[in-house]
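1. here are the coordinates; sequence isn't available:
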Ligand code: HEM
């Protein structure tokens, strides 16, 4: 055993004292090094998705997709790209249980030969809200109530249902989370989704819209509510243990990757807006094309170094993948880097789990915990003395260039009226369920609403959400909660309308 300075240590179990029963000496640098290292072991947990488990593996392309995208993982049939994937719950803290009713994060880091591409998705294809500026409100409502830090699990409490009842855009997502989908049996039994509409860009600069889907080879399976609660009590690590043990015995986790592609000319062909992440594209309208598979086949060697320090970010893209104007995606582009600068510091990209496999070369310098020893005297551009040059040459097709989307609009703080159909897809989801699935969904919502302490909250959920989704859903929940639907409609506060359409142009030309 050595110290951090490489000094051989004769005794790591007894501190140095002034006589065997004397005071400990300030001089004992080995005691201090051991204790200070321990004192600084924890870093801030993720502000959301704190509880997670990850594994290494690979992505293999089933076909050459270069007609659709230049993205490196799809450049030839059979090509393999290493990946690291982390699954998480959103609301609980790092030490919480694996099986509460919650959304699961499904974040995949592709170490491509053109740089790192992160597909940071969830296990549900839509999201609660459709403008990033509402995210802090949503998470403050979901997290434990601030005065008592209760409840810690992402289940029933007044603040979440209060927020939901006044924000009808949550309706579709609520259906998914309250259904059996909110209780996945294992990571291997979860679907994954990129959620937003992304862009694929080909080498000629052509672009089309895309939604990403992960389809588990072992099929989608859930726990039932009673089972999930018992599992949380008896084995809080149930899902991370299941993944770890599966991989150790060679029973690897596998997903097919599917894409739904929409050509640019069809952007407005649907009765919902592709930029609204509370909507999915029904597979009947645009079938999912299976284009590759992901296999997770190696456990991390160290939880902290890999699973805890991994930094996924929606802005980690490679040529061939680009953004759309989805206002949630746009906000996320800022949030992940910002939070990671605080969580793991300005040089997090140099950590082994985050480093790209291809060489990194630029004029970024210094900062806490810099690992790279940059050589030479030039750390700027332009320079005739050497140094790193950006790829200005037009022929450098493998360099990232943003898709040249035409942008033309007045600056305005508003949301498109094309985002205001809150209920059609929530109703579609309810109608798609088998009778026993509907029963579970109704029981789950009734359970949640019966937990609410403030009795006005369930009434608002009934009046502003459930009756607008489906009469059978409303009646079923009313029966199990004792809510009187007509009374709910009379007394419930009206939803807060945050969707502001663009006003007419004023004579001054200002909006
Ligand atoms: C994690 C913000 C919406 C999926 C995080 C983290 C932040 C964040 C700050 C912690 C990251 C870290 O500390 O490394 C936001 C904001 C959103 C948003 C501001 C909306 C504006 C979404 C959506 C999805 C999603 C819509 C799914 C498509 C994830 C996942 C993680 C995560 C999977 C965990 C990544 C990991 O395993 O390390 N998010 N998020 N988030 N978010 Fe979001």
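-> Everything's here; your move. Predicted model, so just to flag it, every value in this text is computed and none were measured. Numbering: from 1, shown residues only.
2. name the element the closest residue to the ligand within the stretch 401-511 of the chain belongs to?
-> Among all residues of the stretch 401-511 of the chain, residue 415 sits closest to the ligand, at 13.7 Å; criterion: Cβ to the nearest ligand atom. Heads up, the C-betas are built off the backbone N, CA and C, glycines and all. When elements are assigned from DSSP states H and E, residue 415 belongs to no helix and no strand.
3. Make 263 the starting number, not 1.
-> Happy to do that; since the first residue is 263 now, the last one works out to residue 677.
4. can I assume it is in contact with residue 393?
-> Yes: between residue 677 and residue 393 a contact is recorded at 5.9 Å, counting by Cβ atoms under 8 Å.
5. Can you pull the phi and psi angles for the closest residue to the ligand within the stretch 413-562 of the chain?
-> Nearest to the ligand, among the residues of the stretch 413-562 of the chain, is residue 457, at 3.5 Å (Cβ to the nearest ligand atom). Per-residue torsions, residue 457: phi 70, psi -60 (degrees, to the nearest 10).
6. what's the answer for the one 4 residues further on, then?
-> Taking degrees, to the nearest 10, you get phi -120, psi 140 for the backbone angles of residue 461.
7. which residues sit in contact with the closest residue in space to it that isn't next to it in sequence?
-> Excluding its sequence neighbours, the residue lying closest to residue 461 (Cβ to Cβ, 6 or more residues apart in numbering) is residue 584, at 4.1 Å. The contact partners of residue 584, by Cβ atoms under 8 Å, 6 or more residues apart in numbering, come to 460, 461, 462, 463, 469, 664, 665.
8. Then residue 515?
-> 317, 319, 449, 450, 478, 480, 505, 508, 509, 557, 558.
9. now those in TSV, with neighbour count, pLDDT and distance to the ligand?
-> Below are the contacts of residue 515 laid out as TSV (neighbours: other Cβ atoms under 10 Å; pLDDT from 0 to 100; distance: Cβ to the nearest ligand atom, whole Å):
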residue	neighbour count	pLDDT	distance to the ligand
317	25	99	12
319	22	99	15
449	29	98	12
450	22	98	17
478	21	98	16
480	16	98	20
505	21	98	14
508	20	98	19
509	18	98	18
557	18	99	19
558	24	99	14
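10. need those residues in TSV with distance to residue 277, can you?
-> Below are those laid out as TSV (distance: Cβ to Cβ, whole Å):
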residue	distance to residue 277
317	40
319	45
449	44
450	48
478	52
480	52
505	40
508	44
509	41
557	49
558	44
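11. from those residues, which ones fall inside strands?
-> 317, 319, 478, 557, 558 (DSSP state E).
12. Find the helix or strand that residue 373 is a member of.
-> Applying DSSP H and E, one finds residue 373 within strand 366-374.
13. Show the average pLDDT along that strand.
-> For strand 366-374, mean pLDDT rounds to 98.
14. quick one: contacts of whichever helix or strand comes after that strand?
-> Downstream of strand 366-374, the next assigned helix or strand under DSSP H and E is strand 377-384. Strand 377-384 is contacted by residues 333-335, 365-372, 454-457, 474, 476, 574-576, 578-580, 583, 594, 598, 616, 618, 620, 662 when judged by Cβ under 8 Å, 6+ apart.
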